[in-house]
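[1] give me coordinates for this.
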Amino acid sequence: MRHAVVSFSNGESFNVVVAQTAEEQVQGLAGWGALPSASGEGMLFAFGERSTHRMWMKGMRFSIDMVFIAGITVVQIERALIPGSEALEGNVPSDYVLELPARWSSRLSLGDKMNVRFL
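    Down below sits the predicted model:
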């Protein structure tokens, strides 16, 4: 998997692993013990097409936030999702979903702009 830095127009930035292939996206964060909540790390799902993507928490061991991004704009934020909860489908079409440690998305707002720098 590739690594990237995702930064936002409000000055926040996150170090992420990029799930780009179908296999990487199906696996996601399932089986991970945790995301380092003190370091602002996460996973960016880069779908390559704008759609209402369905995300699930199967195999998750910790709570996360999901940030849905259309183009470069934050369009939906779901906070403190519980491991093993039902699948979640975006309310609006998006190209990316950023998964962060629970409550980290409180630093972001709808309309914030995103920039991705691949490492």
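
[2] alpha carbons only for contacts and neighbour counts from here, please
    Noted.

[3] would you mind listing the buried residues in the lengthiest strand in the chain?
    In the chain, with assignment by DSSP state E, the single longest strand is strand 41-51. For strand 41-51, the neighbour count (16 or more other C-alpha atoms under 10 Å) marks 41-47, 51 as buried.

[4] mind putting these into TSV with pLDDT and distance to Pro101?
    Below are these laid out as TSV (pLDDT from 0 to 100; distance: C-alpha to C-alpha, whole Å):
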residue	pLDDT	distance to Pro101
Glu41	89	7
Gly42	93	7
Met43	95	10
Leu44	96	12
Phe45	96	15
Ala46	95	18
Phe47	95	21
Ser51	96	24
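
[5] would you map the helices across this protein?
    Applying DSSP state H to the chain gives helices spanning 22-27.

[6] in it, which spans are strands?
    2-8, 13-19, 41-51, 54-55, 64-70, 73-81, 88-89, 94-101, 114-118.

[7] CSV for those strands, including distance to Leu108?
    Formatted as CSV, the strands of the chain follow (distance: least, C-alpha to C-alpha, whole Å):
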stretch, distance to Leu108
strand 2-8, 8
strand 13-19, 10
strand 41-51, 14
strand 54-55, 20
strand 64-70, 9
strand 73-81, 8
strand 88-89, 20
strand 94-101, 11
strand 114-118, 10
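
[8] ok, of the ones you listed, where does mean pLDDT dip lowest?
    Among the strands of the chain, strand 88-89 has the lowest mean pLDDT, at a mean of 89.

[9] residues making contact with it?
    Strand 88-89 is contacted from outside by 52-56, using C-alpha atoms under 8 Å, 6 or more residues apart in numbering.

[10] then the longest strand of the chain to CSV, C-alphas only?
    The C-alpha trace of strand 41-51 is given here as CSV (Å, rounded to 0.1, in the frame of the first residue of the first chain):
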residue,chain,number,x,y,z
GLU,A,41,-2.8,8.5,11.3
GLY,A,42,-5.5,7.0,9.2
MET,A,43,-6.5,5.2,6.0
LEU,A,44,-7.6,6.9,2.7
PHE,A,45,-9.9,4.9,0.4
ALA,A,46,-9.3,6.3,-3.1
PHE,A,47,-12.1,4.8,-5.2
GLY,A,48,-11.3,6.4,-8.6
GLU,A,49,-15.0,7.1,-9.2
ARG,A,50,-17.6,9.3,-7.6
SER,A,51,-20.4,7.2,-6.0
